[in-house]
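[1] Build me a structure from this.
(3 chains)
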Amino acid sequence: MTESGVGASAPTPAVSLRGIDKRFGAVRACNSVDLDLHRGRIHGILGENGAGKSTLMKMLIGLVLPDGGRIEIDGVERQIHEPMDAARLGIGMVHQHFSLVDALTVWENVSLGESGQLDSRSIRNRVGEIGEHYGLEIDPDARVGELTAGLRQRVEIIKCLRRDPSIVIFDEPTSVLTPEESHQLFRAFRDVVAAEGRAVVLVSHKLGEILEATDDITIMRQGSVALRTLTEETDAPSLAHAMVGRPVSLRAEGAALGLTEAVADDTPDESKDAVDDIEPPVLRVEGAVATVGRGTRVLDDLSITVRPGEILGIAGVEGNGQRALGDLLSSLLPLARGSVTVDGAEVSTSRPGAMARAGIGVIPEDRHDSGVVLDMSVAENLVMVDPGRCATRGVIDRGRLHDNALRLIDEFDIQCSGPDAPLWSLSGGNQQRVVLARELDQGPRVLVASQPTRGLDVGAIEYMSERLRAAAASGVAVVLISSELEEILDLADRIAVMYRGRVVGEMARSEVDIERLGLLMGGAAA
Amino acid sequence: MTSRAARYLALYIASIAVALSASVVLVQATGGEWRTVLSALLDGSILGPGRWGQTLGAAAPMLLVALGTIVSGRAGLVNIGQEGQLLMGTAFAVYFGFRIGGPGPFTIIVLLVFGALGGAVWAMIAGGLRFRRGVPEVLTTLLLVTVAAQAIAFGLKNQSLLLASEASRGNRNQVSAQLDPDSRLPVLRLFGNEIPSAVFIAVGLALILGFVAARTVWGFRLTMVGRNTRAAQRFGISQSRYGMWAMAISGGFAGLAGAVMLAGGGFQFGNFRLVPGFSANIGWTGLLVALVAREKALAAIPVALVFGALRTGSGFVSSTGVEAEITEVIQGFLVLALLVPPAVVFLQDRRAARAMTKART
Amino acid sequence: MDFLNAVLDIFTSESTYVNAALFGGLLLFAASGEWIAERAGTINISVEAMLLAGAFTSAIGYHLSGSAAVGLLAGAVGGVVIATVQAEMSHRLAADQFVVGLTLNILTVGLVGFLDRQISTTTQKAAVWEVPLLSDLPLVGTALFGQPWPFLVLYAIVPISWWLVFRTRWGLEVRASGEDPQAADVSGIHVNRRRRQSILYAGLTSGLGGAFLIFVQIGRFETGIVSGRGFIAIAAVIFGGWTLRGTVGGCVLFAGALSFRLSLQVLGYDQINSEFLQALPFLFTIVAMAVFATRVRPPSALARPFVRGLK
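    Numbers count the residues shown, from 1 in each chain, chains lettered A, B, ... in the order given. The predicted model follows:
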């Protein structure tokens, strides 16, 4: 079955993939994938993290070469060896990260990768035109490094649309948007598609988005196509089933699947509210103010308190200071004003390792950035907080190091070739387990989990959620920072919304009102 | 042998062969005879009487410089100012060595200690600028080399600093006084060779460094700082503290190299005097040794030997009618050739590794 | 009083400016190329080797043809050869650019020294071309407009370098490669190719700089003809905060200091000792970097090799 459900008189697909194969070493990222994309329709590619959808799109865009199979553009077979080829064929992608150069201006960034003379005036004009047409106004001479995440996405979109692509691919675009902005974006898809006869592809791991925004759906699971259907002919449970490969309880796993409604409707366990108000908070951040670069405030009078056994969910659109909060609690960001106290004792924000010593464990947003050392072994990564534990008089005892690692590998079910395996040889999910193991092994008073399930497949997401709940149940104060609302709604007892470096509203889980949350996330007054 | 080791071996053999062939071609093309050049090299470095000792004497300071470079490299710092740190170390050794009196062995200790101190201080200037003001150390260490050379030249014009008194320097300008025979590093006489004790110092330190880097908590933390400073900071390892220590040790090793060249180098290095051109590129060569040995302390030992042999061998080459500069050319070709195998393997590994970790968007 | 008079003399004598122009011309040839290479994210300490190779090949070129123009071309070729090794090894084979640069310096000194004894070249300075009117300007007239004609090439190189970086697409891609190679790569730019090309450009200008040494400043080849000036050129780029204006300023400043010292020596003044003046460009640069550290910013990816997939 090759047609994606459109009628027999359908025109030639804009893009036709046949039998696409891609292998990375022993891993099969794409397994004989067939896909058709039609003009005038919005195609959703749904799949959990690691299912192969990103790799597939990267082949269309020229960043990855397929090992086998055919790509046809408007019925003609094409070779796409590099981004230039894709651009010439009219394929454009709005990237999530890594496509804009901070030091250059908007118009310079928009024209990166094109060929031909550099005519700054005409490019600037074009930026203005496109901006007006799609409601994406932006100053062409602004320096990209000084823009907010939402504006940067605008630049990405303009950069993509400038080439007048017939096929526009959006790769997980909503993490930098509030719920309302996401709806707006999906409406804009309609304009782009219908009015102009382009094909739009929305790549996402969120079921809810796909159901809302698309006409056709292709579900990928472990490198293969698991389901092809029209959006109007399917529903959440079927999609969920195809995504994961087994019957799914939307109640229980809705969060992992990106289904806001399922999770929001879920009446939380009453006992969550009864978290002891009597117990004093473990972690108190008061009036935190921190600046970077030329005085931009990343934290602007931020205050939070967390009690033992409580999960505080920090919601908010990416780029509103969440990373700074994570860095603060990792001793990576000093405060200009304000304080951090753990169990009543103030912790220095400018001394390396002070937070860790005070009992704050952290699962960082980007483990490669501050969570692990890729070139060191699993065993070494597991003792990083306190290598002295496996040493006598400053000399590391190899035996103790090894045993410690074996213990944790077993307890946390870390898949690796052994304690001496270099960390880079582990999969993302297992690397995350190493971080989790190490942090929990310290018996922390506070556990900060920053975007902990990013990039993980459903199974790994569920494991992580279980562990976080277990930690809270054993009395640890958990701070869950996430831009995925589903995750927050699933796990948190209390929710605080961050906007521009401060908390703009708080509510208990039982009182959650999605609309209000969305407004707060967008900066509207509480 | 694993396939990986086999790949390395094949690549190394191939690239060394290319380098040596290019050298042969150069020699032949300019009228020389490569066989005589080769035998001169071998004579000069190992076969001739007493030459082994000389080669070891040249290799020892190179090894010391290389060890220091390995330490700063571990901490993620790029120190390319060893030449200057070496000179400063020697200057300190000369200045304090001649002013602090005492019996011979005591003076030797003073020389070595102040030598290391001088190099450490010089490197810490770059370290301070890096950790206080964010100035990249690759630039400051490089610039400080010329500053050091000029400072030494200045010092050698002033008796209050480094210049010897008229009486003790004869009709030479710009030289320091000569060390007394009992203030010199002892040599071990073995099979007709004079093996400077610097060799044992250097090898001993290589072994110690290898152990410390791989087995101690301090070494562990140093490695963390070099591989991921943010993670290290999270775990209480201050980049500036460990970095400054690394720079100090790195400069200290270079300074120590200068001190052993002064106190034990004999005719190879100024004959126990600080003279213009004293450093003889040992700093640069030591840096190359560290880089060719891929920052492994134990591997630096044989590499230093090869470079040392080239150096001492070159002395005999000019008598064959071929210019002595040919050894620098051979050295250059060899280093370039030796850079190729790790680079190729690295690129191949990179492709394989990316297959195993799942790439994020 | 005496000393002050001497200083005044120096500032009002034409020869000071001529010397400064000669020193500065060499620096600027090398620095305008290295500026682009550093904007692309590379540091090439092999500039020293490029200058030396350029000087040597230009001497040979003149020797074989009798023409300074051929000599200039030959010089450019010499610089490009060195640059090719640097570029290919560091940005195709991913070898450490500092090791490669350092090795090239040592190798070139050895090679040139070796060959120089085999081949003897006779060269001379090129003919002087006086620019009408401008060369009559007081003090600076001869220095800037009355030199042997290869000096005038500088008036083309500097604006061309600026134009390349800021008015062409190539330049935009070079800048992107130096600031954020990952983003540039994803946008379809061949990062390492741009880096290699900018190093080749540096080789071209430095090779011409080597020829400048022969045909404008010294007149004949000697093995010590460069001795460290390549490093001063790199210092000028850094001192100038990676802007072309600043680089030119740095070259002028450093050349001025060198010329000043030379004049002092000629007049018999050793008050400001020569070692200090020799070290001055380097000290200046270190101090400037320390003082302006927070305001001046190198290209973000400077000295960091780019391999796709590696962060």
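[2] quick check, the lengthiest helix in chain C touching chain B?
    Counting residues, the longest helix found in chain C (DSSP state H) is helix C:14-39. No - judged by CB under 8 Å from any CB of the partner chain, helix C:14-39 makes no contact with chain B; its nearest approach is 10.6 Å. In short, each C-beta sits where N, CA and C put it, glycine included.
[3] Helix or strand next in line after that helix, which one?
    Tracing the chain C-terminally past helix C:14-39 and defining elements by DSSP states H and E, one meets helix C:47-65 next.
[4] Would that next one count as contacting chain B?
    No - Helix C:47-65 lies apart from chain B when judged by CB under 8 Å from any CB; the minimum separation is 9.8 Å.
[5] Can you point out the buried residues in the longest helix of chain C?
    Neighbour-count burial for helix C:14-39 flags C:16-39 (criterion: 16 or more other CB atoms under 10 Å in any protein chain shown).
[6] Where does the residue nearest to residue C:180 when sequence neighbours are not counted sit: helix, strand or coil?
    Closest residue in space to residue C:180, ignoring its immediate chain neighbours: residue A:101 at 4.2 Å, by CB to CB, 6 or more residues apart in numbering or on different chains. Following DSSP: H, G, I helix; E, B strand; the rest coil, we place residue A:101 in the coil state.
[7] now swap in residue A:284 and tell me
    Classification of residue A:284 using three-state DSSP returns strand.
[8] So it sits against residue A:305, correct?
    Yes - between residue A:284 and residue A:305 there is a contact under CB atoms under 8 Å: 5.0 Å.
[9] Around chain C, which positions in the stretch 51-200 of chain B sit nearby?
    Among all residues of the stretch 51-200 of chain B, those adjacent to chain C (criterion: CB under 8 Å from any CB) are B:78, B:80, B:129, B:133-136, B:138-140, B:142-144, B:146-147, B:150-151, B:153-154, B:157.
[10] Please produce a PyMOL select command covering the buried subset of those.
    In PyMOL syntax, the buried subset of those is picked out as below (16+ other CB under 10 Å):
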select buried, chain B and resi 78+80+129+135+136+138+139+140+142+143+144+146+147+150+151+153+154
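[11] which ones among the residues of the stretch 51-200 of chain B next to chain C come in contact with chain A?
    Contacts with chain A are made by none of these, judged by CB under 8 Å from any CB.
[12] and the spatially closest residue to residue C:171 that is not a sequence neighbour, which of the three is it?
    Spatially, and ignoring its direct neighbours in sequence, residue C:171 is nearest to residue C:165 (3.9 Å; CB to CB, 6+ apart). Three-state call for residue C:165 (three-state DSSP): helix.
[13] Pull the contacting residues for residue C:165.
    By CB atoms under 8 Å, 6 or more residues apart in numbering or on different chains, residue C:165 lies in contact with C:36, C:39, C:171, C:174-175, C:244.
[14] Need the pLDDT of it.
    In this model, residue C:165 is scored at 95, pLDDT.
[15] For residue C:189, see how far away it is.
    According to CB to CB, to the nearest Å, residue C:165 and residue C:189 sit 15 Å apart.
[16] Just grab the bridge partners of residue A:337 for me.
    residue A:289 (DSSP bridges).
[17] For chain C, see how far away residue B:239 is.
    Residue B:239 is 16 Å from chain C, where distance means CB to the nearest CB, to the nearest Å.
[18] How about stretch B:27-43, which residues are buried there?
    Neighbour-count burial for stretch B:27-43, counted by 16+ other CB under 10 Å, picks out B:27, B:30, B:32, B:34, B:37-41, B:43.
[19] Please flag which of those sit within strands.
    Residues of these located in strands (DSSP state E): none.
[20] Run through the residues that contact residue A:34.
    Contacts for residue A:34 (CB under 8 Å, 6+ apart) come out as A:2, A:17-20, A:225.
[21] which one of those is nearest residue A:240?
    residue A:225 (16.3 Å; CB to CB).
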